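Trainee: need coordinates for the following:
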Amino acid sequence: MRSRIVSIAALVGTVLAGAGCLSDGGSPPPPTQLELRGFQTREYDTQDMRLVMKAMVNVLQDMGFIINNADTQLGLLSANKMTDIAHSKREIKRAQKKEELLSKTLVLDCTANVSAFGKQSRVRVNFQQRVLGTNGATMSASPITDAAFYQQFFAQVDKGIFLQQEGV
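Mentor: Numbering: from 1, shown residues only. Alright, predicted model coming up:
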């Protein structure tokens with residue numbers, strides 16, 4: 001009986017400790033590869049891959065991206081968007097004291113794959129951000145893993161497909 005109580009107490013302690021780790025303001029764990037793939041992928045009720053690609057190109061251009069490559073036969077699309085990074089005077093002075101390079105540009109890269117999926121078209125899109133230094137070299141790169149970001153993107157693609165199907 002005593003060992004059973006100790007086991008239950010240990011289990012409760014572990015659960016509470018785990019809950020404490022999540023509630024301390026720390027960031028949640030990154031999504032698994034399966035979760036990431038899930039919110040990077042969307043199916044559309046059309047077999048017209050060209051229509052889907054065109055809607056994606058329009059959305060990306062509306063977002064300020066430059067289309068680098070679009071191959072409708074392969075269903076591949078790549079684009080990027082460059083943004084200058086503004087630094088405060090304090091950041092500039094600190095970097096000068098430490099003789100560090102400051103990041104100058106943020107590049108958002110997008111790759112997409114559109115493929116036939118039965119009577120539908122399946123889209124998988126991937127966004128990655130790169131920070132470039134003043135010399136143009138990549139200082140860091142990381143994938144965009146925010147589900148809300150992809151939901152917003154696909155919501156715009158949904159609207160674009162609808163408008164194209166309606167001939168607007």
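
Trainee: and Leu51, which helix or strand is it part of?
Mentor: Of the helices and strands defined by DSSP states H and E, Leu51 is found in helix 49-62.

Trainee: after that helix, which helix or strand is next? Please name it.
Mentor: Criterion used, DSSP H and E; the element after helix 49-62 is strand 66-71.

Trainee: who are the packing partners of that next one?
Mentor: Contacts defined by 3 or more C-beta pairs under 8 Å, 6 or more residues apart in numbering; DSSP states H and E place strand 66-71 against helix 49-62, strand 76-84. (Glycine included, C-beta is placed from N, CA and C.)

Trainee: about what we covered before: show me what the helix holding Leu51 is in contact with.
Mentor: By C-beta atoms under 8 Å, 6 or more residues apart in numbering, the surrounding residues in contact with helix 49-62 are 44, 46, 67, 70, 72, 75, 77, 79, 110, 112, 114-116, 121, 123, 125, 153, 156-157, 160-161, 163-165.

Trainee: distance of Ser78 from Glu166?
Mentor: To Glu166, Ser78 is 28 Å away according to C-beta to C-beta, to the nearest Å.

Trainee: how about Leu51?
Mentor: Computed as C-beta to C-beta, the Leu51 to Glu166 distance reads 12 Å.

Trainee: the two: which is more packed in?
Mentor: For Leu51 versus Glu166, the count of surrounding residues by other C-beta atoms under 10 Å is larger for Leu51: 18 against 7.

Trainee: one step back: inside strands: which ones of the contacts of helix 49-62?
Mentor: 44, 67, 70, 77, 79, 110, 112, 114-116, 121, 123, 125 (DSSP state E).

Trainee: just the buried ones among these, please.
Mentor: Neighbour-count burial (16 or more other C-beta atoms under 10 Å) applied to the ones in strands among the contacts of helix 49-62 gives 44, 70, 77, 79, 110, 112, 114, 121, 123, 125.

Trainee: the residue nearest the centre of the chain: what's it in contact with?
Mentor: Most central in the chain under C-alpha atoms, centre = their mean is Ile144, positioned 3.0 Å from the mean C-alpha point. Going by C-beta under 8 Å, 6+ apart, Ile144 touches 108, 127-129, 150.

Trainee: distance check, Val125 against Lys93.
Mentor: Between Val125 and Lys93 the computed distance is 40 Å (C-beta to C-beta).

Trainee: actually Arg50, not the one I wrote
Mentor: Separation of Arg50 from Lys93 (C-beta to C-beta): 53 Å.

Trainee: between those two, which has more neighbouring residues?
Mentor: Taking neighbours as other C-beta under 10 Å, Arg50 and Lys93 compare with Arg50 leading, 14 against 11.
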